[in-house]
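Q: return atomic coordinates for the entry below.
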Amino acid sequence: MANSAIIESKAKLVDELADKLKNAPSTIVVDYRGVNVDEVTALRKAAREAGVEYKVYKNTMVKRALDKAGIEGFSEYFEGPTAIAIATEDAVAPAKVLDKYAKEFKNLEIKAGLVDGKVVDVDGVTALAKLPAREVLVAQVLGTLNAPITGLVNVLNGNIRGLAVALNAIAEQKAAQEA
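A: Model (predicted):
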């Protein structure tokens with residue numbers, strides 16, 4: 001018979017994990033079979049620096065958390081040795097870190113991802129990893145929105161400048177005629 005304290009701690013873990021999975025901008029699942037300790041240490045350090053929680057949970061705990069969070073179609077990826085990377089802020093960060101290390105460590109295999117509650121395959125995770133950082137995307141959008149306004153200001157300034165030059169030329173011409 002299981003100890004009630006153990007059951008209680010597991011239930012608490014499932015609740016916390018369900019909350020993380022439900023609120024995370026993205027979650028990536030990898031198979032870490034064959035990855036050595038030094039490689040995992042480097043991966044964990046890079047994940048921590050990028051604001052990503054990289055952790056290994058029991059598959060049954062994750063499946064229960066997914067059920068509790070109401071996330072469907074993602075539990076099938078939790079077979080065998082599985083690690084999970086959960087974004088805390090930037091949705092692209094886990095994909096970038098894991099894609100980089102999956103290329104570097106041949107034994108690290110990306111299984112799938114969960115982005116804003118939707119399951120994405122390996123190709124989707126790779127495409128997500130190729131996206132620029134959020135700040136860069138925001139700057140690009142603002143630059144695109146700002147370009148027409150800047151063009152309009154330049155056109156209006158050009159017309160006003162042209163008018164000022166024409167008026168100045170007429171004034172100089174009239175002054176030359178009077179002299």
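Q: work out which residue lies at the spatial centre of this structure.
A: Per CA atoms, centre = their mean, the C-alpha nearest to the average position across the chain is that of Val92, at 1.9 Å.
Q: give me the nearest residue to that one, chain neighbours excluded.
A: Take Val92 and drop its neighbours on the chain: the residue closest to it by CB to CB, 6 or more residues apart in numbering is Leu131, 5.2 Å away. (Each C-beta comes from the backbone N, C-alpha and C, glycine too.)
Q: now for that neighbour, how many residues are close by?
A: Using other CB atoms under 10 Å, the number of residues around Leu131 comes to 13.
Q: just Val125 next, same as before
A: 25.
Q: Leu102 is in contact with Val30, isn't it?
A: In this structure residue 102 is Ala, not Leu. Yes. At 7.2 Å, Ala102 counts as touching Val30 under the criterion of CB atoms under 8 Å.
Q: give me the more crowded residue out of the two.
A: Comparing Ala102 with Val30 by other CB under 10 Å, the one with more neighbours is Val30, at 26 against 21.
Q: mind checking how far stretch 67-77 is from the chain centre?
A: Distance of stretch 67-77 from its chain centroid, counting by CA atoms, centre = their mean, to the nearest Å, is 21 Å.
Q: what average pLDDT does that stretch get?
A: Per-residue pLDDT over stretch 67-77 has a mean of 89.
Q: and what of stretch 150-162?
A: For stretch 150-162, the mean per-residue pLDDT is 71.
Q: before we move on, back to that, joint contacts of Ala102 and Val30?
A: Common neighbours of Ala102 and Val30, using CB atoms under 8 Å, 6 or more residues apart in numbering, are 108-110.
Q: which of those residues fall within strands?
A: Of these, the ones assigned to strands by DSSP state E are 109-110.
Q: need the buried ones from the shared contacts of Ala102 and Val30 selected in PyMOL.
A: In PyMOL, this line selects whichever of the shared contacts of Ala102 and Val30 come out buried by 16 or more other CB atoms under 10 Å:
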select buried, resi 108+109+110
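Q: make JSON lines out of the shared contacts of Ala102 and Val30 and add pLDDT.
A: Shown next, in JSON lines, are those (pLDDT from 0 to 100):
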{"residue": "Leu108", "pLDDT": "88"}
{"residue": "Glu109", "pLDDT": "90"}
{"residue": "Ile110", "pLDDT": "91"}
